[in-house]
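Asks: Provided below for reference: sequence and predicted model.
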Amino acid sequence: MAVILSILLLILTGIILLVLEILILPGLIAGIIGAIMVISGVWYSFHVYGPEVGMYVSLGTLALTGITIYFSFRYNVWRKFSLQQQNDSRIDRVDEMDIKPGTIGTTISAVRPSGTAMFNHRKIEVQSMGELIETNTQVEVVEVLPNKLIVRKYATS
């Protein structure tokens, strides 16, 4: 009785791991472990009960695996575990804004060498050219990159 339970446990756990690998888990680890468990269960049945019972166990295992995978896809089991929301957010590209070299803004955080500054009532990621710029300091745009501005302290004449 214990041998039958161990064979069933090996095969059923292996099938569950295979289905989880196909539907949810990335990385092949669960699939490899599941395949090893299924093969071990089938081999064990051949070894203990002989070729006739082993053949029945292997055919039953193959059928059960196929049925389990079919019904998992048929009833969208993976949707219960998957993320259903879409990410509609987008990052504003600085180079598409109307900010050009020479535009003046004010830092709202320290720029050491990266920070945040306010240009035309918008918070934008800025980077200095190596200098440390304190908060509430006027800065001038030197270069416009797609995701940030290169700035320096504004020299009032």
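Replies: Cool, the structure landed.
Asks: When you work out contacts or count neighbours from here on, use the C-alpha atoms and nothing else.
Replies: Noted.
Asks: element containing Val142?
Replies: If you go by DSSP states H and E, Val142 is part of strand 138-144.
Asks: What of Leu18?
Replies: With secondary structure defined by DSSP H and E, Leu18 is part of helix 2-23.
Asks: still on that earlier bit, quick one: distance of the strand holding Val142 to the chain centre.
Replies: Put simply, strand 138-144 sits 36 Å off its chain's centre (C-alpha atoms, centre = their mean, to the nearest Å).
Asks: Stretch 11-31 now?
Replies: Remark: stretch 11-31 is offset 18 Å from the chain centroid, using C-alpha atoms, centre = their mean.
Asks: Enumerate the positions of it that are buried.
Replies: By neighbour count with 16 or more other C-alpha atoms under 10 Å, stretch 11-31 contains the buried residues 11-23, 30-31.
Asks: Using PDB, list the CA coordinates for it.
Replies: Extracted in PDB, the C-alpha atoms of stretch 11-31 (Å, rounded to 0.1, in the frame of the first residue of the first chain):
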ATOM      1  CA  ILE A  11       3.400  11.200 -10.300                       C
ATOM      2  CA  LEU A  12       0.700  13.600  -9.100                       C
ATOM      3  CA  THR A  13       3.200  16.100  -7.600                       C
ATOM      4  CA  GLY A  14       5.200  15.900 -10.800                       C
ATOM      5  CA  ILE A  15       2.100  16.600 -13.000                       C
ATOM      6  CA  ILE A  16       1.200  19.600 -10.700                       C
ATOM      7  CA  LEU A  17       4.700  21.000 -11.100                       C
ATOM      8  CA  LEU A  18       4.600  20.500 -14.900                       C
ATOM      9  CA  VAL A  19       1.300  22.400 -15.100                       C
ATOM     10  CA  LEU A  20       2.600  25.200 -12.900                       C
ATOM     11  CA  GLU A  21       5.700  25.500 -15.100                       C
ATOM     12  CA  ILE A  22       3.600  25.700 -18.200                       C
ATOM     13  CA  LEU A  23       1.100  28.200 -16.900                       C
ATOM     14  CA  ILE A  24       2.700  30.300 -14.200                       C
ATOM     15  CA  LEU A  25       6.300  29.700 -13.100                       C
ATOM     16  CA  PRO A  26       9.100  30.800 -15.400                       C
ATOM     17  CA  GLY A  27      12.600  29.300 -15.300                       C
ATOM     18  CA  LEU A  28      12.300  25.600 -16.100                       C
ATOM     19  CA  ILE A  29      13.200  24.500 -12.500                       C
ATOM     20  CA  ALA A  30       9.600  23.400 -11.500                       C
ATOM     21  CA  GLY A  31       9.200  21.700 -14.900                       C
END
